[in-house]
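Asker: what follows is a predicted protein model with its sequence.
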Amino acid sequence: MKSIQMLDLKLEYDHMKKDIDEAIRTCLNHQRWILGPEVRGLEERIADYLGVKHCIGICSGTESLVLSLRALAIKLKGQEFFDKTDEIITTSFTFTATGDAILRAGATPVFIDIDPESYNIDIAHLGEYLNQNSELRTQNSKVVGIVPVHLYGQSCDMDNIMKIAEEHDLFVVEDVAQAFGGAWKDKKLGTIGTTGSFSFFPSKNLGGFGDGGMISTDDDRTMELVRMLLRHGGKDKYNVEHIGYNARLDTLQAAIVLAKFKYIDEFNVGRRKIAETYNEGLKGTEGIVLPASLPDAFHVSHQYTIRVLHGKRDDMQSSLKDKGISTMIYYPYPLHKMKVFGNGRSKSFGSLEQSETATESVLSLPIEPLQQQDATLYVIDCIKEYCNNL
Ligand SMILES: Cc1ncc(COP(=O)(O)O)c(C=O)c1O
């Protein structure tokens, strides 16, 4: 039986083996494991690629969100954490870490529904909440920022988000964990908001051999604060000013990500080609909805996610599994239904119906950038066969 994985990291390693092995060997020889030269090397390389003033290596994507928000609390409020009355808007249909980072920075996450086609934040709802909320400001709570998530590798509508942010004087922390190399018009993601937050989790478009992340920003003060927070909270780690973390990016991870960086554009093109093949092959298939692409977004197809109709998602997933095809559900639960966001820790705007429907119907298909065309065609055939038999 065929075996088609969501990703084949061993295949990718074999493809880049020479570069990766050499990068690891260099580290073994210099033994500078903490903030070694590869960390700064990667920061400079990515800053140059994105077209942003500063990049700062962090130990994970999650911590890069937390540190961005903490730095902004210190910068904007002159205090270590946000207050519970400070609201930060995001969506309910994302990875837990997005909402969790807001809680850990002391603020209250406000979940806004998604647009059912792009799966990203619904701009109309965002505007509605903010307009309604301005009347409530006297009652203490105040929206301070937005964390838009570029889900599945596709940009949010950044023109409208930035316009709304400016009107309401909000910061924007872009969650770019799934969209390295993606763009909105001529701007790379992570360079449009106040900060960008990246993940090098192994399955990401640019992934390491463990956890890793990065923050991008044009703002000198935010960069300075993040650099303090990631090494215990001070310029001098033996005499600190802020409540800090040990959140440095490992030298070894930086070396591996730097070696893999050479391939990022080629791999993003590979993902986009697979997405095109799926689009072409599955067009018009009844019982599923294909992902939409915004014309202004350069989609890096971190995931190729279809919607399976009539409550058949789980059944289709097990049928594909029987044919040797791995699929994933990103995400099976909306954040607003999780216990961690209960007990008054978060707010929801409206019914969040689209987020809930998405959790019940989405299915992500294999999208290994080095995947052969016949594997993609096999997945297409199996999905069509399933839908024909419905
Ligand atoms: C949208 C989103 N935000 C944040 C994260 C957190 O990144 P990490 O796993 O590197 O902590 C992830 C990845 O897992 C993600 O997909």
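Answerer: Structure received.
Asker: residues from the stretch 51-200 of the chain in reach of the ligand?
Answerer: Counting by CB under 6 Å from any ligand atom, the stretch 51-200 of the chain comes close to the ligand at 60-62, 94-95, 97-98, 149, 175, 177-178, 199. (Each C-beta comes from the backbone N, C-alpha and C, glycine too.)
Asker: what about those residues, which are in strands?
Answerer: Those of those mapping onto strands are 175, 199, per DSSP state E.
Asker: and the residues of the stretch 51-200 of the chain next to the ligand as CSV, adding neighbour count, pLDDT and distance to Trp33?
Answerer: Converted to CSV, these look like this (neighbours: other CB atoms under 10 Å; pLDDT from 0 to 100; distance: CB to CB, whole Å):
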residue, neighbour count, pLDDT, distance to Trp33
Ser60, 20, 98, 17
Gly61, 26, 98, 21
Thr62, 23, 98, 22
Thr94, 26, 98, 33
Phe95, 19, 98, 29
Ala97, 21, 98, 26
Thr98, 26, 98, 30
Val149, 24, 98, 32
Asp175, 30, 98, 29
Ala177, 28, 98, 25
Gln178, 27, 98, 29
Ser199, 30, 98, 21
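Asker: gap between Gly207 and the ligand?
Answerer: Remark: distance between Gly207 and the ligand (CB to the nearest ligand atom, to the nearest Å) = 9 Å.
Asker: which residue does the stretch 1-150 of the chain have closest to the ligand?
Answerer: Closest to the ligand within the stretch 1-150 of the chain is Gly61: 2.4 Å, counting by CB to the nearest ligand atom.
Asker: for the residue lying closest to that residue once chain neighbours are set aside, which residues are in contact?
Answerer: Nearest residue to Gly61, sequence neighbours excluded (CB to CB, 6 or more residues apart in numbering): Ser199, at 2.6 Å. Listed by CB atoms under 8 Å, 6 or more residues apart in numbering, the contact set of Ser199 reads 60-62, 64, 177-178, 212-213.
Asker: please enumerate the strands of the protein.
Answerer: Secondary structure of the chain (DSSP E): strands at 54-58, 86-91, 108-112, 142-146, 171-175, 183-184, 187-188, 195-199, 213-217, 288-289, 297-298, 304-308, 347-348, 362-365.
Asker: distance to Asp381 added to those, as TSV?
Answerer: Output for the strands of the chain, formatted as TSV (distance: least, CB to CB, whole Å):
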stretch	distance to Asp381
strand 54-58	42
strand 86-91	34
strand 108-112	38
strand 142-146	42
strand 171-175	35
strand 183-184	33
strand 187-188	36
strand 195-199	33
strand 213-217	38
strand 288-289	14
strand 297-298	29
strand 304-308	15
strand 347-348	41
strand 362-365	13
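Asker: tell me, how many residues neighbour Gly51?
Answerer: Gly51 has 13 neighbours, counted by other CB atoms under 10 Å.
Asker: that one touches Asp186, doesn't it?
Answerer: No. The criterion here is CB atoms under 8 Å, and Gly51 misses it with Asp186 at 9.5 Å.
Asker: roughly how far apart are the residue of the stretch 1-150 of the chain closest to the ligand and Gly207?
Answerer: 10 Å (CB to CB, to the nearest Å).
Asker: what do these two both touch?
Answerer: Common neighbours of Gly61 and Gly207, using CB under 8 Å, 6+ apart, are 200-201.
Asker: angle of the lowest-mean-pLDDT helix or strand in the chain against strand 142-146?
Answerer: Least confident helix or strand of the chain, by mean pLDDT, DSSP states H and E, is helix 123-136 with a mean of 85. With axes from the mean of the first three to the mean of the last three CA atoms, to 10 degrees as the basis, helix 123-136 and strand 142-146 are set at 150 degrees to each other.
Asker: start the count at 12, not 1, going forward
Answerer: Sure, I'll start numbering at 12, so the last one becomes helix 134-147.
Asker: now do helix 134-147: which elements does it pack against?
Answerer: The contact analysis (3 or more CB pairs under 8 Å, 6 or more residues apart in numbering; DSSP states H and E) places helix 134-147 against strand 97-102, strand 119-123, strand 153-157, helix 169-179.
Asker: repeat the analysis, applying 7 Å as the threshold.
Answerer: Contacts defined by 3 or more CB pairs under 7 Å, 6 or more residues apart in numbering; DSSP states H and E place helix 134-147 against strand 119-123, helix 169-179.
Asker: give me every residue that touches the residue of the stretch 12-161 of the chain closest to the ligand.
Answerer: Residues counted as contacts of Gly72 (CB atoms under 7 Å, 6 or more residues apart in numbering) are 108, 188, 208-210, 212, 224.
Asker: Glu364: which of those residues is nearest?
Answerer: Ala108 (23.5 Å; CB to CB).
Asker: Val300 - how many residues pack around it?
Answerer: Val300 has 16 neighbouring residues, counting by other CB under 10 Å.
Asker: so it versus Arg324, what's the distance?
Answerer: Per CB to CB, Val300 is found 11 Å from Arg324.
Asker: is it possible to export the helices and strands packed on helix 134-147 to CSV including mean neighbour count and mean pLDDT?
Answerer: Converted to CSV, the helices and strands packed on helix 134-147 look like this (neighbours: other CB atoms under 10 Å; pLDDT from 0 to 100):
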stretch, mean neighbour count, mean pLDDT
strand 119-123, 25, 98
helix 169-179, 17, 98
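Asker: and the ones you listed as a markdown table, adding distance to Lys332?
Answerer: Below are the helices and strands packed on helix 134-147 laid out as a markdown table (distance: least, CB to CB, whole Å):
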| stretch | distance to Lys332 |
| --- | --- |
| strand 119-123 | 31 |
| helix 169-179 | 37 |
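Asker: looking at these, which is nearest to Val50?
Answerer: When these are compared by CB to CB, helix 169-179 sits nearest Val50, at 28.5 Å.
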